[in-house]
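Trainee: Next comes the sequence, and after it the predicted model I'd like to discuss.
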Amino acid sequence: MPDYAKLTKAELIARLNAVTATPERTVAPGDVQALAHDLQVHQAELEMQNQELREAQRRLEEARDRYADLYDFAPVCYLTLDSKGHIREINLTGAALLGRERGQLLGKPFSLWLDADGVTEFFHHLQQVFAAQDKVVTDLAIRNGNGEMRDVSLKSVAVKQGAGESGRCRTVLIDIGERRKQERIEYLAHFDALTGLPNRALLQDRLTQALSTAQRNGRQVGVLFLDLDHFKDVNDTLGHAAGDLLLQAVATRLRRCVRKVDTIARVGGDEFVLVLPELGGGEHAAVVAENILWSMSESFIIEDRPLRILASIGISIYPDDATDIDTLLKNADAAMYHAKKSGRNNYQFFTGDMNARALEAMAMESRLRHALERGELLMHYQPQVELEGGRIVGVEALLRWRHPEMGWLTAAKFIPIAEERGLIGQIGEWALRAACIQNRAWQDAGLPALPVAVNISALQMQRGSLPDMVKRALQESGLAPRYLELEFNEDINTRDPQMIAAVLRELKDMGVRLTLDGFGSERSSLCNLWRFPIEKVKIDPGFVSGIATSPDSAAIIAGIIRMAKELQRRVVGEGVETQEQLDFLRSHQCDEIQGHFFSAPVAADEFSQLLRQGRRLGQ
């Protein structure tokens, strides 16, 4: 009998067919039974294989569905790009990010969702992908479905293709907006957003490290405190946008003046601190300060216009001046204020007595902030007398501070502090209004109508709001414009001559009188005699006081009077204290005088008495 167990299913079926097809042939019963049994066994095995195949197909379909779900609804964008940057495949997350249906995106250039700079970066990215045959990562910004730009990280790898097939790459887009926000938060915690320089917090860390290293190595650390001179004028006249551009330009120049190991920090509006570690001596700090001042001497170009800004620098040295951070900064700050008081545009090393002066200035500033509300500021009035006839033809209003501890202070003692600490606007407007109200009160009392002169600081002029302030003072007081005279020094012309000239013309058109004060000082420019619409020139008191002792002063005064006369400007000799000075001015045809020789500045009631008495020169 054949061994049917060794036959295949096909062979068994063939053998069974052969037997059943020849009924005349004698077949042993055992053969048929064995064949039928083996056939059933093979059919059962076949059914089991079919079930396993169906189960494998089911599992494959489930896995394919799971993969499709994972692919389509993954939290990142998956896409396939060809070598030209066209989208060949993209998941649903990516389609939603780009704001289109998946079918609308296939075949479209991915660059459609990039700005001009992003397009350049994207094609450079593709070039690297197909050249390197390795993963390439590029950060850029894409435009989402809402038209907003989103920061993404583009990660691509080339896909191996068969012969004749065009290149493709698999790409993943990951939204890194939140990461960028966190990086931005961390950046702003340590750096100034405008200039990119370290801020006060990072300055503390850098100073701590510098002092610790210096202590171990027995070296010095320099701390430079820098403040821009008259920076507020820039904001007031040109606007904060121009001021921001200037600060950025200053930061750039400062970087050029230091080593890589040095730190430059912006700690305030126009204040910078430089940390110079590992100094061999204070002379190194002086060299850096000189380099900074030299670099600042060249005009900045801001909004297509040249702008000159200078700086004052204070220097303190570790461990000579202090061994802790707070004291080093405080001492450098005190030295910086000493540099300002020394004429600005210079640097000063800290000395022991600076602290006392700084504390005194701070105390005066604090008291000055409340002087108006406490009624401590008052106006005194000094007559201006015509030399021909000797009668009073005008009066200058002079601001005085009745300090509770220091007594009467002239404006020269506290106005510089008011200008530095931003108080001049409030104080200057009060003084202008008070002088106008008082002059109108004299007129209402029947006294002779005279112009009252009020001093205007350079800061008030450069803010551009002076005409409005003058209009308010005249309206509130009811004083006619011709009875108000504004006196200004020539240093108002050092910042923006065109703006200053426009303000003066506006004031002149209002009917207000204008006087150039302190003429003859080192700031003087002869062209200002005809450039400005002025009516009077006041000779600097320093020249008047030198008439008897300095031939140069006498010659200068004679020249000023002669030029002013030729330009049809009246001349006032200020600070006249002696008969000799009076006689000299009269002999050179000076128009008016002002000074203690006739009268010191007096209170409003005392000036009223002078007018009522009709006092004249020589009486």
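Mentor: That came in fine, so what should we check first?
Trainee: for stretch 298-306, what is the average pLDDT?
Mentor: Mean pLDDT, stretch 298-306: 87.
Trainee: Show me which parts of it are buried, residue by residue.
Mentor: Under the neighbour-count criterion of 16 or more other Cβ atoms under 10 Å, stretch 298-306 has 300, 302 buried. No exception for glycine: its C-beta is placed from N, CA and C like everyone else's.
Trainee: cool, and stretch 595-607?
Mentor: 595, 597, 598, 599, 601, 602, 604, 607.
Trainee: Out of those, which two sit at the greatest distance?
Mentor: The largest separation in these, counting by Cβ to Cβ, is between 597 and 604 at 21.4 Å.
Trainee: Taking the centroid of the chain, which residue is nearest it?
Mentor: residue 244 (3.6 Å; Cα atoms, centre = their mean).
Trainee: I'd like to know which elements the helix or strand hosting residue 555 is packed against.
Mentor: Secondary structure from DSSP states H and E places residue 555 in helix 551-566. Contacts defined by 3 or more Cβ pairs under 8 Å, 6 or more residues apart in numbering; DSSP states H and E place helix 551-566 against strand 536-539, helix 541-545, strand 570-574, helix 579-587.
Trainee: Alpha carbons of it, in CSV - could you do that?
Mentor: Taking C-alpha atoms only, helix 551-566 is exported to CSV below (Å, rounded to 0.1, in the frame of the first residue of the first chain):
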residue,chain,number,x,y,z
PRO,A,551,40.9,146.3,28.8
ASP,A,552,39.7,143.2,26.9
SER,A,553,36.4,143.3,28.7
ALA,A,554,36.0,147.0,27.9
ALA,A,555,36.8,146.4,24.2
ILE,A,556,34.5,143.5,23.9
ILE,A,557,31.6,145.5,25.4
ALA,A,558,32.2,148.4,23.0
GLY,A,559,32.2,146.0,20.1
ILE,A,560,29.0,144.3,21.3
ILE,A,561,27.2,147.7,21.6
ARG,A,562,28.4,148.8,18.2
MET,A,563,27.3,145.6,16.4
ALA,A,564,24.0,145.5,18.2
LYS,A,565,23.3,149.1,17.2
GLU,A,566,24.1,148.4,13.5
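Trainee: buried residues in that helix?
Mentor: Those would be 553, 554, 556, 557, 558, 560, 561, 563, 564, 565, for helix 551-566 by 16+ other Cβ under 10 Å.
Trainee: mind checking how far that helix is from the chain centre?
Mentor: 46 Å (Cα atoms, centre = their mean, to the nearest Å).
Trainee: Could you tell me the angle between that helix and strand 570-574?
Mentor: Interaxial angle, helix 551-566 versus strand 570-574 (axes from the mean of the first three to the mean of the last three Cα atoms, to 10 degrees): 150 degrees.
Trainee: tell me the average confidence for helix 551-566?
Mentor: The predicted model assigns helix 551-566 a mean pLDDT of 87.
Trainee: Use 383 as the first number for this chain going forward.
Mentor: Sure, I'll start numbering at 383, so the last one becomes helix 933-948.
Trainee: Isn't the residue nearest to the centre of the chain up against residue 576?
Mentor: Yes: counting by Cβ atoms under 8 Å, residue 626 does reach residue 576; the two are 5.9 Å apart.
Trainee: Name every strand pairing with the helix or strand hosting residue 776 and say which way it goes.
Mentor: Using DSSP H and E, residue 776 sits within strand 774-785. Strand 774-785 has its sheet partners listed here by DSSP bridges as strand 759-768 (antiparallel), strand 789-792 (antiparallel), strand 834-838 (parallel).
Trainee: residues in contact with residue 750?
Mentor: Residues in contact with residue 750, defined by Cβ atoms under 8 Å, 6 or more residues apart in numbering, are 783, 796, 799, 800, 803, 805, 809.
Trainee: Just the ones of these in helices?
Mentor: Assigned to helices by DSSP state H, the following of the contacts of residue 750 qualify: 796, 799, 800, 809.
Trainee: What is the burial count for residue 729?
Mentor: 24 (other Cβ atoms under 10 Å).
Trainee: isn't it right next to residue 696, touching?
Mentor: Yes: judged on Cβ under 8 Å, residue 729 makes contact with residue 696 at a distance of 7.2 Å.
Trainee: intersection of neighbour lists for the two?
Mentor: Common contact partners of residue 729 and residue 696 (Cβ under 8 Å, 6+ apart): 606, 721.
Trainee: I'd like to know how far residue 930 sits from residue 487.
Mentor: Per Cβ to Cβ, to the nearest Å, residue 930 is found 95 Å from residue 487.
Trainee: which of these two has more neighbours?
Mentor: Applying other Cβ under 10 Å to residue 930 and residue 487 shows that residue 487 carries more neighbours, namely 21 against 11.
Trainee: Identify the residues contacting the more buried one.
Mentor: Residue 487 touches 469, 472, 476, 477, 480, counting by Cβ under 8 Å, 6+ apart.
Trainee: Among those residues, which ones are in strands?
Mentor: Per DSSP state E, strands hold the following members of those: 469, 472.
Trainee: and the contacts of residue 487 as TSV, adding neighbour count and distance to residue 857?
Mentor: Output for these, formatted as TSV (neighbours: other Cβ atoms under 10 Å; distance: Cβ to Cβ, whole Å):
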residue	neighbour count	distance to residue 857
469	24	70
472	25	70
476	22	67
477	21	67
480	24	62
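Trainee: so which of the contacts of residue 487 comes closest to residue 514?
Mentor: Closest to residue 514, out of all of the contacts of residue 487 and judged by Cβ to Cβ, is residue 469, at 21.6 Å.
Trainee: So what pairs up with the closest one in the strands?
Mentor: Under the criterion used (DSSP bridges), residue 469 bridges to residue 463.
Trainee: For it, list the residues it contacts.
Mentor: Shown in contact with residue 469 (Cβ under 8 Å, 6+ apart): 461, 462, 463, 487, 488, 489, 490, 491, 492.
Trainee: Who wins on neighbours among these?
Mentor: Of all those, residue 463 has the most neighbours under the rule other Cβ under 10 Å, reaching 25 neighbours.
Trainee: Please report how far it lies from residue 1000.
Mentor: Residue 463 is 100 Å from residue 1000, by Cβ to Cβ.
Trainee: likewise residue 508?
Mentor: Counting by Cβ to Cβ, the gap from residue 508 to residue 1000 is 97 Å.
Trainee: which stretches of the stretch 683-832 of the chain have low pLDDT?
Mentor: Within the stretch 683-832 of the chain, the segments meeting pLDDT under 70 span 737-741.
Trainee: any idea of the pLDDT on residue 956?
Mentor: 93.
Trainee: Quick one: end-to-end length of stretch 471-482, please.
Mentor: This stretch, stretch 471-482, spans 13 Å end to end (Cα to Cα, to the nearest Å).
Trainee: and for that stretch, what are the contacting residues?
Mentor: By Cβ under 8 Å, 6+ apart, stretch 471-482 touches 453-462, 483-484, 487-488, 495, 524, 526-528, 532, 555, 557.
Trainee: Thanks a lot, see you next time.
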